[in-house]
Structures are given as C-alpha cells and as structure tokens.
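**Q** Mind folding the following:
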Amino acid sequence: MASNGNGSVANGNGTARNGLAKIQTHKKHNGICHDDSGPTVKAQTIDELHSLQKKKSAPTTPVTGFQAPFATLTEEERHKQQLQSISASLASLTRETGPNLVKGDPARKSDTQKVTHVHHHHVSTPTIAVSDSALKFTHVLYNLSPAELYEQAIKYEKGSFISSTGALATLSGAKTGRSPRDKRVVKDDLTKNDLWWGKGSPNIEMDEHSFMVNRERAVDYLNSLDKVFVNDQFLNWDTENRIKVRIVSARAYHSLFMHNMCIRPTPEELENFGTPDFTIYNAGQFPCNRYTHYMTSSTSIDLNLARREMVILGTQYAGEMKKGLFSVMHYLMPKRQILSLHSGCNMGKDGDVALFFGLSGTGKTTLSTDHNRYLIGDDEHCWGDNGVSNIEGGCYAKCIDLSREKEPDIWNAIRFGTVLENVVFDEHDREVDYSDKSVTENTRAAYPIEYIPNAKLPCVGPHPKNVILLACDAFGVLPPVSKLNLAQTMYHFISGYTALVAGTEEGIKEPQATFSACFGAAFIMLHPTKYAAMLAEKMQKHGATGWLVNTGWSAGSYGNGSRIKLQYTRKIIDAIHSGSLLNAEYKKTEIFGLEIPTEVEGVPSEILDPMNTWSNKKAYKETLLKLAGLFKNNFETFTNYKIGKGNNNLTEEILAAGPIF
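**A** Numbers count the residues shown, from 1 in each chain. Predicted coordinates for the structure are as follows:
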C-alpha cells in the first residue's frame with residue numbers, strides 16, 4: 001500500500017483508507033485528459049509577459065482618396081512628430097528649446113525603452129540658457145484613457161478614491177471654485193479695441209511682459225516634473241468651426257476632467273491632429289510670483305489671445321480650464337459671425353430646438369432636461385449658419401443635495417469615468433453624501449455627455465425656434481411667462497436678471513437682485529450689446545421667438561407669496577415647445593410692457609397676471625417700481641456704449657424696450 005500524501009493510505013481498489021475517494025490524476029474522457037495545461041507562454045521574462053498583456057492600439061488611417069498628413073509616416077516617425085509638437089508647446093522662450101520628451105509612465109521603465117527620443121534641430125543654444133531640465137527626460141502621458149488616468153490618480157494623487165458607483169472622487173485643493181478676480185487678459189494691439197474693458201467688464205487687463213513671466217514660471221514648473229499629462233482635443237461639434245486645444249497639466253484629475261469636458265477625438269483624428277489652435281498650461285499646484293506686475297494673490301489665470309495661450313498658476317480648481325476655454329470661444333466665434341451662448345439646449349422629436357438661459361437657481365438644468373426631448377448640451381453652445389452646436393463633449397453638474405428622485409439622469413451619470421469634485425463619502429463603503437458641505441457647497445460631477453441617455457450625438461441641431469430666458473423672481477412681480485419682441489429679448493438678455501433670497505438664518509431677508517450680462521458675464525469678452533445684436537439678428541433671420549419665464553414667486557414677494565409650482569412651469573415650457581402658446585390671446589402689462597397670455601393649458605389663469613395674485617395692490621405696485629428701478633440702474637453700465645459704425649441707435653432701441661415709468 002502506498003501513502004497518498006495526505007496521511008491516509010490508498011488501497012488497491014481506488015478508495016482511501018479513511019473512506020474518501022482516491023484523487024485521480026490521469027483518467028481520460030474520450031481520449032482527452034481533463035487538465036488545464038496549455039502551451040507555455042512565449043515570454044522569457046516577467047516584463048515580457050506583462051507586455052503581452054496589453055494589445056497595441058495605434059490607429060491606422062486608410063490611405064484612400066485624399067492624402068492625410070500622417071498617412072505615409074511610419075509609427076515611429078509619427079510618434080516623433082507628436083513629441084516634437086508637444087516639446088515646442090513646452091519650450092521656454094529664454095532657452096528656445098523645449099524639454100527632452102519620452103512617451104510613457106516613468107514608473108514603468110519597460111514602456112520607455114521602445115520610444116524614440118526627440119532631437120532638437122536648433123543650431124546652438126547659449127550655455128547660459130542650459131538648465132537641469134535640459135539634461136533630463138520629461139515623460140509625456142498622452143491622451144490617456146479614463147482607466148489609465150484612474151490608475152495614475154489613485155497611485156500618485158493624495159485624496160483620489162473610487163466612489164461606490166465607480167466615479168473618481170478627488171480634491172481640488174484650497175480653491176473649490178473659480179477665482180474671477182484673479183483672471184487676467186493681455187491688453188495689446190489685438191485686444192485693446194476688440195474687447196470690452198472698464199466698468200462692468202469681467203476683463204481685467206495685464207501686459208504681454210507679465211503674461212510671459214507667468215508663462216515661463218508655468219513652463220519651468222511643468223518641465224521640472226518627471227511626467228506631464230497632455231490632452232489633444234476639440235471644442236465645438238460643428239466640424240467646420242471646431243477648435244483644436246492642447247491641455248498640458250500635472251495632475252491625472254485635470255487630464256480626466258478635460259477628457260470628459262472637451263470633445264474626444266477618434267484615433268484617426270488624433271493621428272492627424274497636428275498643431276493645436278489653443279494651448280492651456282495648467283501649473284495650478286505652483287503659485288504665481290506675487291511681485292509680478294498685476295498680481296493680486298498667489299493665483300493667476302491668464303489669457304493671451306494673440307498667442308492663443310492660457311496659463312494657470314495657484315489654483316487646482318478644474319473649472320478654470322473649462323470656463324477659460326469658454327471665454328476664448330466668446331472671442332473667436334463672433335469673429336466668424338457665430339454666436340457663442342451660455343445656455344442649455346434641447347430638441348424635440350420634430351427637430352424643434354429651444355435655448356435655455358438662466359443664472360444659478362432659475363431651473364435651467366431641470367427644465368432643459370426633458371425625457372421627451374433630446375439633450376444637445378447643458379451649458380455652452382454656438383449658433384452659426386448650420387444651426388446650433390454644443391461647444392463641449394461633457395457636462396459639469398452641481399452635486400449639492402443631489403438625489404435620484406429629483407435628478408435621475410445626473411445621478412445615473414455618476415459612474416466609472418466621471419470625476420467627482422470635493423464630495424464627502426463614507427470611508428468604508430465609499431457612498432457619497434451629497435448633502436455634506438464639509439469641503440465646499442460647490443461640489444461637482446464632470447462626465448461625458450453620452451452618459452445622459454437622451455443626449456443627441458453628434459451634439460448639433462437645426463436653428464432654434466424658441467429662446468427662453470429664465471428668471472427666479474423672488475420679488476414676485478414678473479409674470480410666469482411673457483412673449484418678447486426682439487428689442488425686449490435683447491434688453492432682458494443683456495440684463496441677465498434673477499433674484500434669489502439671501503440667507504434666512506436671522507429671519508426673513510429682502511430678495512437680492514442679481515444681474516449677469518448675457519446670462520454669463522464672467523465669460524464674455526466683447527461688449528454685451530454685440531452678443532445681443534447677433535442674437536436678435538439670428539432670431540429674426542430664422543423666425544425664433546423670445547420668452548421670459550419666471551420660475552420664482554407669485555402672490556407676493558418671498559416670505560408672503562409662494563414659489564410657482566414646477567408643474568405649472570413645465571406646462572408653460574411644453575406650450576412653448578408645441579407652438580400652442582403662439583396662438584394664445586395676449587395682453588400688455590404696465591411698467592415692463594410685457595405681453596402675457598390670458599390662458600395656458602394646465603395652468604390656473606389667475607396666476608398668469610401677477611397683479612391678480614397680490615391681495616395688496618399698493619404693495620404690488622411699489623415692488624414692481626422697485627424692481628424696474630433696479631433694472632434701470634443696472635442698465636446704465638451699457639447705455640454709453642456705441643456699437644459699430646452707423647448702428648448707434650441700437651442701444652437706444654434696446655433701452656426703449658426696458659421698463660417705462
């Protein structure tokens with residue numbers, strides 16, 4: 001008898017002494033042995049084995065018809081050109097040459113062995129200009145996928161975690177929102193007459209020299225790192241007018257954020273990307289030099305439209321990149337007679353497009369998200385000769401108090417690939433608590449637009465039929481809906497009004513009126529009148545109707561009246577979409593001179609005229625005059641502006657569409 005190795009002895013009939021069946025190792029079934037052995041792997045080393053795990057994903061562009069720029073190049077030559085382009089982007093202007101670049105993660109040496117190094121063709125460089133960064137290689141992590149960026153973030157960035165739904169939860173550091181007072185635009189021969197400067201303008205000037213000091217600081221910081229992330233992407237779904245952007249950043253979080261927010265190129269488009277139209281240098285971990293002229297803090301966000309570059313220092317808040325590019329589009333697109341808009345946009349099954357404008361708290365996201373309509377985009381659009389197009393490839397949604405019931409689409413979009421900014425989660429199960437404001441109230445989620453089930457891809461549509469201006473009027477004197485003529489549309493578009501309620505901790509407070517020109521004053525580059533005139537011209541040409549919709553109070557101001565029910569506002573929006581509201585009977589209000597319908601299906605008729613809902617008519621009149629006064633005071637910023645040659649009566653025409661006392 002032989003021992004079977006586990007302390008029991010097998011007998012000759014196939015059973016072990018302890019009564020258990022003997023383990024068979026050589027029994028054949030139909031001549032095939034049931035073992036899992038296969039041929040040995042081809043690799044000679046563990047590194048080789050790891051390299052077999054990953055399939056190569058280099059694109060191959062078919063050479064048919066037209067000759068693509070890279071089509072005849074070998075893969076090695078294409079890599080070399082790509083790296084030379086990135087090296088040129090990172091060139092220090094004092095040292096003339098860019099850094100030595102190599103593709104791949106420095107932590108994985110086997111990656112970098114196969115990569116061609118960049119050789120610079122500069123004849124000679126003065127020795128005084130040589131620095132240590134010229135002696136080292138900077139690794140380029142180029143257009144990484146979300147999965148690769150997750151690995152980088154979790155490995156190397158403190159504060160990066162995977163949430164319970166698979167999103168990447170991360171922190172933006174000390175700054176959890178934009179720093180508009182630290183944003184600067186270079187005032188030079190190109191911009192001094194083009195841009196809106198002075199009172200009311202978001203454009204704070206800096207000179208070319210100060211920009212170059214900050215650019216050098218950012219580039220030196222990025223070149224000092226072992227690795228940088230580079231995204232080459234597009235803005236604007238209208239392919240005839242899209243802009244190529246390059247984002248150079250130090251954090252995987254920033255790279256994933258921009259991967260989601262910009263339009264993602266196909267492998268073929270990336271192969272033929274070439275030189276970008278605009279470049280962002282995000283050195284947000286590094287402060288600006290406070291002694292640099294024009295600097296007011298350690299944060300600086302600088303735009304140079306002549307060089308088509310943006311530099312970020314001293315803030316890691318990712319929204320600066322998104323909104324910086326939006327500002328650039330507000331300059332570049334009107335030059336092509338394309339209107340750039342801070343709006344939501346959706347389309348009905350019959351191709352009817354609506355634009356939604358509104359400041360925070362007006363219901364823009366809620367009302368433009370409609371399961372019976374296609375979402376073209378939630379925030380930034382262009383209106384050109386071909387119709388409307390989304391500027392972005394993703395959405396950047398507020399997350400504070402997010403719930404599955406109120407915002408199911410946003411809730412379901414927070415999954416693998418989404419960036420969750422500054423949220424608080426349970427340390428064990430990683431469930432996010434969206435009501436927790438411990439880090440900031442401005443918690444955000446950035447995800448690709450295709451994560452929304454009814455998104456229209458590509459994100460383009462025909463010319464809009466309806467332009468909806470939303471206001472949450474806490475004074476309670478604006479009608480739930482008014483039809484606007486072109487001059488009124490321009491007036492209310494330039495005003496960009498809403499009134500919200502201040503904090504109520506010490507009891508009820510007065511409503512606070514807020515005005516933001518073109519519903520996005522922080523991002524516009526030209527004078528608001530120019531955008532308004534373009535809007536009116538496009539509306540007139542394509543037969544669009546303007547509407548002012550109040551989602552705020554009725555039957556009194558905040559504290560006395562009540563907020564207009566969302567179901568009524570939805571019925572109003574439905575009637576605008578269907579076109580039935582155009583056929584209603586209208587009457588004119590006093591002071592603002594607004595056309596209000598006498599009937600809307602599904603809405604109580606008495607609330608359509610706000611005067612009917614106030615029991616104290618004297619208080620209504622006083623509040624109406626007060627709001628009209630606030631509009632008048634706000635508009636004084638724009639009245640001294642003359643637009644173009646031979647068109648100086650436009651401001652007067654717009655002004656006449658405002659409140660008349």
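**Q** Can you read off the backbone torsions of the residue nearest to residue 319 when sequence neighbours are not counted?
**A** Nearest-residue entry for residue 319: residue 178, 5.6 Å, with adjacent residues in sequence omitted and distances by CB to CB, 6 or more residues apart in numbering. Glycine gets a C-beta too; all of them are placed from N, C-alpha and C. Recorded main-chain torsions at residue 178 are phi -70, psi 160, according to degrees, to the nearest 10.
**Q** ditto for residue 606
**A** phi -60, psi -20.
**Q** Find the nearest non-adjacent residue to it, please.
**A** Across the structure, with CB to CB, 6+ apart as the measure, the residue nearest residue 606 apart from its sequence neighbours is residue 612 (4.9 Å).
**Q** what's the neighbour count on the one you found?
**A** By other CB atoms under 10 Å, 14 other residues sit near residue 612.
**Q** Name the helix or strand for it, please.
**A** Taking DSSP states H and E as the criterion, residue 612 maps to helix 610-613.
**Q** residues of that helix that come out buried?
**A** Within helix 610-613, the residues that qualify as buried are 610, 613, counting by 16 or more other CB atoms under 10 Å.
**Q** Identify the residues contacting that helix?
**A** Contact partners of helix 610-613, identified using CB atoms under 8 Å, 6 or more residues apart in numbering, comprise 476-480, 554-556, 561, 589, 606-607, 617, 620.
**Q** Over to stretch 565-579?
**A** Contacts of stretch 565-579 from elsewhere in the structure, counted by CB under 8 Å, 6+ apart, are 348, 352, 354, 363, 366-367, 370, 373, 465-466, 468, 480-481, 545, 547, 549, 551, 581, 584, 600-604, 607.
**Q** again, but for stretch 618-632
**A** Contact partners of stretch 618-632, identified using CB under 8 Å, 6+ apart, comprise 473, 475-478, 495, 497, 499, 513, 515, 556-557, 590-592, 610-611, 614, 658-659, 661.
**Q** residue ranges with poor pLDDT in the stretch 51-200 of the chain?
**A** Using pLDDT under 70 as the threshold, the predicted model of the stretch 51-200 of the chain has low-confidence ranges 52-72, 109-131.
**Q** Tell me where it has strands.
**A** Chain-ordered strands for the stretch 51-200 of the chain, with DSSP state E, counting those that start in this stretch as the definition, fall at 100-103, 137-142, 161-162, 168-170, 183-186.
**Q** Ok, the stretch 401-550 of the chain next?
**A** Taking DSSP E, counting those that start in this stretch as the criterion, the stretch 401-550 of the chain carries its strands at 419-421, 424-425, 432-433, 444-448, 460-461, 464-471, 481-484, 497-501, 511-515, 545-550.
**Q** possible to save the ones you listed as TSV with mean pLDDT, mean neighbour count and distance to residue 630?
**A** Formatted as TSV, the entries for the strands of the stretch 401-550 of the chain read as follows, by pLDDT from 0 to 100; neighbours: other CB atoms under 10 Å; distance: least, CB to CB, whole Å:
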stretch	mean pLDDT	mean neighbour count	distance to residue 630
strand 419-421	97	25	34
strand 424-425	95	18	37
strand 432-433	96	16	38
strand 444-448	97	24	31
strand 460-461	98	24	35
strand 464-471	98	25	12
strand 481-484	98	23	18
strand 497-501	88	23	8
strand 511-515	93	19	5
strand 545-550	98	24	15
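**Q** Report the two of the contacts of helix 610-613 separated the most.
**A** With distances taken as CB to CB, the most widely separated pair in the contacts of helix 610-613 is 480 and 617, at 18.7 Å.
**Q** Which one of the two is surrounded by more residues?
**A** A side-by-side neighbour count of residue 480 and residue 617, using other CB under 10 Å, places residue 480 first with 27 against 10.
**Q** For that one, list the residues it contacts.
**A** By CB under 8 Å, 6+ apart, residue 480 lies in contact with 549, 550, 554, 564, 568, 569, 572, 603, 607, 608, 610.
**Q** Restricted to strands, list these.
**A** In strands, judged by DSSP state E, the following of those are found: 549, 550, 554.
**Q** Bridge partners for the first one, pull those for me.
**A** For residue 549, the beta-bridge assignment (DSSP bridges) gives partners residue 470, residue 481.
**Q** And it, how far from residue 358?
**A** The spacing between residue 549 and residue 358, counted by CB to CB, to the nearest Å, is 9 Å.
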